[in-house]
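[1] Quick one, fold the following:
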Amino acid sequence: MSVTLLLLTAFLLGVRHALDPDHLVAVSTLVAEERRIWPAARLGLWWGTGHLLPIGALGLPLVALRLHLPEAWEQGVDLGVGVLLLVLGFRTLWNLRRERVHFHLHEHDGQWHPHFHSHAHGAGHGHSHPSPRGRGRISFLIGVVHGLAGSGAAAVVAMSASSSLAAGVAYLLVFGFGTLAGMFFTTLCIAAPTLAAASRWEWAYPLVRAAAGLASMGVGVGMWLEILPQLL
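    Next up is the predicted model:
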(Lines give C-alpha, C1' and ligand atoms only; values in the text may rest on other atoms or scores of the structure.)
Protein backbone atom coordinates (compact mmCIF):
# COMPACT_ATOMS: atom_id res chain seq x y z
CA MET A 1 0.00 0.00 0.00
CA SER A 2 1.37 3.43 -0.98
CA VAL A 3 1.91 6.04 1.71
CA THR A 4 -0.76 8.30 0.21
CA LEU A 5 -3.35 5.53 0.21
CA LEU A 6 -2.34 4.52 3.73
CA LEU A 7 -2.80 8.04 5.08
CA LEU A 8 -6.06 8.53 3.19
CA THR A 9 -7.34 5.30 4.72
CA ALA A 10 -6.24 6.48 8.17
CA PHE A 11 -8.07 9.78 7.74
CA LEU A 12 -11.29 8.13 6.54
CA LEU A 13 -11.18 5.60 9.38
CA GLY A 14 -10.71 8.51 11.79
CA VAL A 15 -13.79 10.22 10.38
CA ARG A 16 -15.70 6.95 10.73
CA HIS A 17 -14.46 6.56 14.30
CA ALA A 18 -16.02 9.92 15.21
CA LEU A 19 -19.43 8.49 14.27
CA ASP A 20 -19.39 5.77 16.94
CA PRO A 21 -22.64 5.94 18.92
CA ASP A 22 -20.98 6.60 22.28
CA HIS A 23 -19.11 9.55 20.77
CA LEU A 24 -22.17 11.07 19.14
CA VAL A 25 -24.54 10.82 22.09
CA ALA A 26 -21.96 12.25 24.51
CA VAL A 27 -21.32 15.37 22.43
CA SER A 28 -25.01 15.68 21.50
CA THR A 29 -25.95 16.28 25.14
CA LEU A 30 -23.82 19.44 25.01
CA VAL A 31 -24.71 20.45 21.46
CA ALA A 32 -28.40 20.29 22.39
CA GLU A 33 -27.86 23.05 24.97
CA GLU A 34 -26.45 25.50 22.41
CA ARG A 35 -28.63 28.05 20.68
CA ARG A 36 -26.02 29.14 18.08
CA ILE A 37 -24.54 27.00 15.36
CA TRP A 38 -20.83 27.88 15.52
CA PRO A 39 -20.45 27.50 19.29
CA ALA A 40 -22.20 24.14 18.88
CA ALA A 41 -19.84 23.10 16.10
CA ARG A 42 -16.82 24.19 18.15
CA LEU A 43 -17.77 21.60 20.74
CA GLY A 44 -16.81 19.03 18.12
CA LEU A 45 -13.39 20.65 17.80
CA TRP A 46 -12.93 20.57 21.57
CA TRP A 47 -13.92 16.91 21.68
CA GLY A 48 -11.58 16.08 18.79
CA THR A 49 -8.68 17.91 20.45
CA GLY A 50 -9.27 16.01 23.67
CA HIS A 51 -9.49 12.75 21.75
CA LEU A 52 -6.24 13.49 19.93
CA LEU A 53 -4.31 14.05 23.16
CA PRO A 54 -4.28 10.41 24.44
CA ILE A 55 -3.97 9.13 20.87
CA GLY A 56 -0.63 10.91 20.74
CA ALA A 57 0.45 10.54 24.37
CA LEU A 58 -0.47 6.86 24.69
CA GLY A 59 -0.82 5.54 21.16
CA LEU A 60 2.49 6.82 19.81
CA PRO A 61 4.62 5.10 22.50
CA LEU A 62 2.68 1.90 21.88
CA VAL A 63 3.49 2.07 18.17
CA ALA A 64 7.13 3.00 18.79
CA LEU A 65 7.66 0.15 21.28
CA ARG A 66 5.39 -2.33 19.46
CA LEU A 67 3.35 -2.85 22.60
CA HIS A 68 -0.30 -3.74 23.16
CA LEU A 69 -2.54 -2.59 25.96
CA PRO A 70 -4.10 -5.43 27.96
CA GLU A 71 -7.72 -6.18 27.18
CA ALA A 72 -8.65 -5.42 30.80
CA TRP A 73 -7.46 -1.82 30.28
CA GLU A 74 -9.76 -1.25 27.34
CA GLN A 75 -12.71 -2.89 29.08
CA GLY A 76 -12.12 -0.83 32.21
CA VAL A 77 -11.97 2.44 30.28
CA ASP A 78 -15.08 1.46 28.30
CA LEU A 79 -16.90 0.94 31.59
CA GLY A 80 -15.79 4.44 32.53
CA VAL A 81 -17.19 5.73 29.24
CA GLY A 82 -20.49 4.05 30.11
CA VAL A 83 -20.56 5.85 33.47
CA LEU A 84 -19.72 9.12 31.72
CA LEU A 85 -22.65 8.69 29.33
CA LEU A 86 -25.00 7.98 32.22
CA VAL A 87 -23.80 11.10 34.04
CA LEU A 88 -24.18 13.28 30.94
CA GLY A 89 -27.65 11.95 30.24
CA PHE A 90 -28.76 12.37 33.85
CA ARG A 91 -27.29 15.89 33.89
CA THR A 92 -29.32 16.85 30.83
CA LEU A 93 -32.57 15.48 32.24
CA TRP A 94 -31.87 17.01 35.65
CA ASN A 95 -31.35 20.44 34.07
CA LEU A 96 -34.70 20.10 32.33
CA ARG A 97 -36.30 19.13 35.63
CA ARG A 98 -34.59 21.98 37.49
CA GLU A 99 -35.83 24.44 34.91
CA ARG A 100 -39.31 22.98 35.46
CA VAL A 101 -39.89 22.56 31.75
CA HIS A 102 -43.40 21.34 31.11
CA PHE A 103 -45.88 20.97 28.28
CA HIS A 104 -49.10 22.95 28.06
CA LEU A 105 -51.54 24.38 25.53
CA HIS A 106 -52.33 27.98 24.68
CA GLU A 107 -55.28 29.30 22.73
CA HIS A 108 -54.57 32.00 20.16
CA ASP A 109 -57.30 33.37 17.91
CA GLY A 110 -59.47 30.35 18.51
CA GLN A 111 -56.70 27.83 17.81
CA TRP A 112 -54.86 25.69 20.34
CA HIS A 113 -51.05 25.60 20.19
CA PRO A 114 -48.68 23.32 22.18
CA HIS A 115 -45.78 24.86 24.09
CA PHE A 116 -42.96 23.80 26.34
CA HIS A 117 -42.43 26.31 29.09
CA SER A 118 -39.83 26.88 31.80
CA HIS A 119 -40.38 28.48 35.19
CA ALA A 120 -36.68 28.61 36.05
CA HIS A 121 -35.43 31.80 37.63
CA GLY A 122 -33.16 34.04 35.64
CA ALA A 123 -33.06 36.09 32.53
CA GLY A 124 -34.20 35.25 29.08
CA HIS A 125 -35.97 31.93 28.71
CA GLY A 126 -34.80 30.73 32.10
CA HIS A 127 -32.21 28.29 30.79
CA SER A 128 -29.32 27.80 33.19
CA HIS A 129 -26.47 25.97 31.55
CA PRO A 130 -22.69 26.09 31.76
CA SER A 131 -21.08 28.89 29.79
CA PRO A 132 -19.85 28.13 26.24
CA ARG A 133 -16.33 27.96 27.69
CA GLY A 134 -17.55 25.51 30.33
CA ARG A 135 -19.21 23.32 27.72
CA GLY A 136 -15.97 23.42 25.74
CA ARG A 137 -14.01 22.15 28.73
CA ILE A 138 -16.54 19.38 29.32
CA SER A 139 -16.39 18.38 25.65
CA PHE A 140 -12.59 18.35 25.79
CA LEU A 141 -12.60 16.05 28.84
CA ILE A 142 -15.11 13.74 27.17
CA GLY A 143 -12.78 13.53 24.18
CA VAL A 144 -9.86 12.65 26.46
CA VAL A 145 -11.82 9.76 28.00
CA HIS A 146 -12.90 8.50 24.58
CA GLY A 147 -9.32 8.80 23.36
CA LEU A 148 -8.09 6.69 26.26
CA ALA A 149 -10.64 4.06 25.32
CA GLY A 150 -9.66 3.99 21.65
CA SER A 151 -5.93 4.66 21.63
CA GLY A 152 -4.94 1.02 22.15
CA ALA A 153 -7.04 -0.27 19.26
CA ALA A 154 -5.88 2.58 17.02
CA ALA A 155 -2.24 1.75 17.81
CA VAL A 156 -2.81 -1.91 16.94
CA VAL A 157 -4.29 -0.96 13.56
CA ALA A 158 -1.44 1.48 12.92
CA MET A 159 1.15 -1.22 13.62
CA SER A 160 -0.57 -3.83 11.47
CA ALA A 161 -1.21 -1.50 8.53
CA SER A 162 2.23 0.13 8.43
CA SER A 163 5.52 -1.31 7.27
CA SER A 164 7.73 1.09 9.25
CA LEU A 165 7.75 3.09 12.45
CA ALA A 166 7.47 6.40 10.58
CA ALA A 167 4.47 5.15 8.62
CA GLY A 168 2.85 3.86 11.82
CA VAL A 169 3.31 7.20 13.58
CA ALA A 170 1.97 9.09 10.55
CA TYR A 171 -1.00 6.72 10.34
CA LEU A 172 -1.90 7.25 13.99
CA LEU A 173 -1.64 11.05 13.81
CA VAL A 174 -3.67 11.28 10.60
CA PHE A 175 -6.25 8.97 12.16
CA GLY A 176 -6.50 11.36 15.12
CA PHE A 177 -6.93 14.42 12.92
CA GLY A 178 -9.51 12.54 10.84
CA THR A 179 -11.48 11.88 14.02
CA LEU A 180 -11.25 15.58 14.94
CA ALA A 181 -12.47 16.65 11.50
CA GLY A 182 -15.22 14.03 11.53
CA MET A 183 -16.60 15.18 14.86
CA PHE A 184 -16.47 18.85 13.88
CA PHE A 185 -18.49 18.31 10.71
CA THR A 186 -20.81 15.87 12.46
CA THR A 187 -21.66 18.37 15.21
CA LEU A 188 -22.16 20.99 12.52
CA CYS A 189 -24.59 18.71 10.69
CA ILE A 190 -26.41 17.91 13.94
CA ALA A 191 -26.58 21.50 15.13
CA ALA A 192 -27.72 23.15 11.89
CA PRO A 193 -31.12 21.43 11.46
CA THR A 194 -31.67 21.16 15.22
CA LEU A 195 -31.17 24.87 15.85
CA ALA A 196 -33.19 25.78 12.76
CA ALA A 197 -36.10 23.73 14.09
CA ALA A 198 -35.73 25.10 17.62
CA SER A 199 -35.68 28.69 16.38
CA ARG A 200 -38.92 28.11 14.48
CA TRP A 201 -40.64 25.86 17.01
CA GLU A 202 -39.60 26.68 20.56
CA TRP A 203 -41.18 23.47 21.87
CA ALA A 204 -38.60 21.45 19.88
CA TYR A 205 -35.72 22.69 22.04
CA PRO A 206 -36.53 20.77 25.26
CA LEU A 207 -37.55 17.76 23.19
CA VAL A 208 -34.13 17.65 21.53
CA ARG A 209 -32.40 17.97 24.89
CA ALA A 210 -34.52 15.25 26.47
CA ALA A 211 -33.90 12.93 23.51
CA ALA A 212 -30.13 13.55 23.75
CA GLY A 213 -30.15 12.82 27.48
CA LEU A 214 -32.15 9.61 27.13
CA ALA A 215 -29.99 8.44 24.21
CA SER A 216 -26.82 9.06 26.23
CA MET A 217 -28.15 7.06 29.18
CA GLY A 218 -29.37 4.27 26.89
CA VAL A 219 -26.00 3.86 25.17
CA GLY A 220 -24.24 3.98 28.56
CA VAL A 221 -26.42 1.19 29.95
CA GLY A 222 -25.91 -0.80 26.75
CA MET A 223 -22.13 -0.57 27.10
CA TRP A 224 -22.30 -1.83 30.68
CA LEU A 225 -24.57 -4.73 29.69
CA GLU A 226 -22.12 -5.68 26.92
CA ILE A 227 -18.90 -5.39 28.95
CA LEU A 228 -19.84 -6.63 32.41
CA PRO A 229 -20.59 -10.25 31.34
CA GLN A 230 -17.07 -10.42 29.86
CA LEU A 231 -15.53 -9.39 33.18
CA LEU A 232 -17.62 -11.68 35.41
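
[2] so who does the residue most central in space within the chain touch?
    In the chain, the residue lying closest to the centroid (CA atoms, centre = their mean) is Val27, at 3.0 Å. By CB atoms under 8 Å, 6 or more residues apart in numbering, the contact set of Val27 is Leu43, Gly44, Trp47, Ser139, Ile142, Met183, Thr187. Placement of C-beta: from N, CA and C, glycine included.

[3] Of those - the most surrounded one?
    Within those, Trp47 tops the neighbour count with 32 neighbours, counted by other CB atoms under 10 Å.

[4] So what touches the strand or helix carrying that one?
    Using DSSP states H and E, Trp47 maps to helix 37-54. The contact list for helix 37-54 (CB under 8 Å, 6+ apart) reads 18, 23, 26-27, 30-31, 34, 132, 135-137, 139-144, 146-148, 150-151, 176-177, 179-188, 190-192, 195.

[5] Leaving out the residues flanking it, which one is nearest to Val3?
    Nearest residue to Val3, sequence neighbours excluded (CB to CB, 6 or more residues apart in numbering): Ala167, at 6.6 Å.

[6] In a helix, the one you found, correct?
    Yes - secondary structure of Ala167 (DSSP: H, G, I helix; E, B strand; the rest coil): part of a helix.

[7] just to revisit the earlier point, give me the buried stretch members for the helix holding Trp47, please.
    For helix 37-54, a neighbour-count test (16 or more other CB atoms under 10 Å) marks 37, 39-54 as buried.

[8] now swap in stretch 217-232 and tell me
    Applying 16+ other CB under 10 Å to stretch 217-232 flags Met217, Val219, Gly220, Met223, Trp224, Ile227 as buried.

[9] Stretch 199-216 now?
    Ala204, Tyr205, Pro206, Leu207, Val208, Arg209, Ala210, Ala211, Ala212, Gly213, Ala215, Ser216.

[10] Stretch 21-37 now?
    By neighbour count with 16+ other CB under 10 Å, stretch 21-37 contains the buried residues 22-34, 37.

[11] gap between that stretch and the chain center?
    Here the centre of mass of C-alpha atoms in stretch 21-37, compared against the chain's by CA atoms, centre = their mean, to the nearest Å, lies 7 Å away.

[12] going forward can the numbers begin at 2, since that is how I track them
    Shifting the count to begin at 2 puts that one at stretch 22-38.

[13] now what about stretch 179-187, what contacts it?
    The contact list for stretch 179-187 (CB under 8 Å, 6+ apart) reads 11-20, 24-25, 28, 42, 45-46, 48-50, 52-53, 56, 144.
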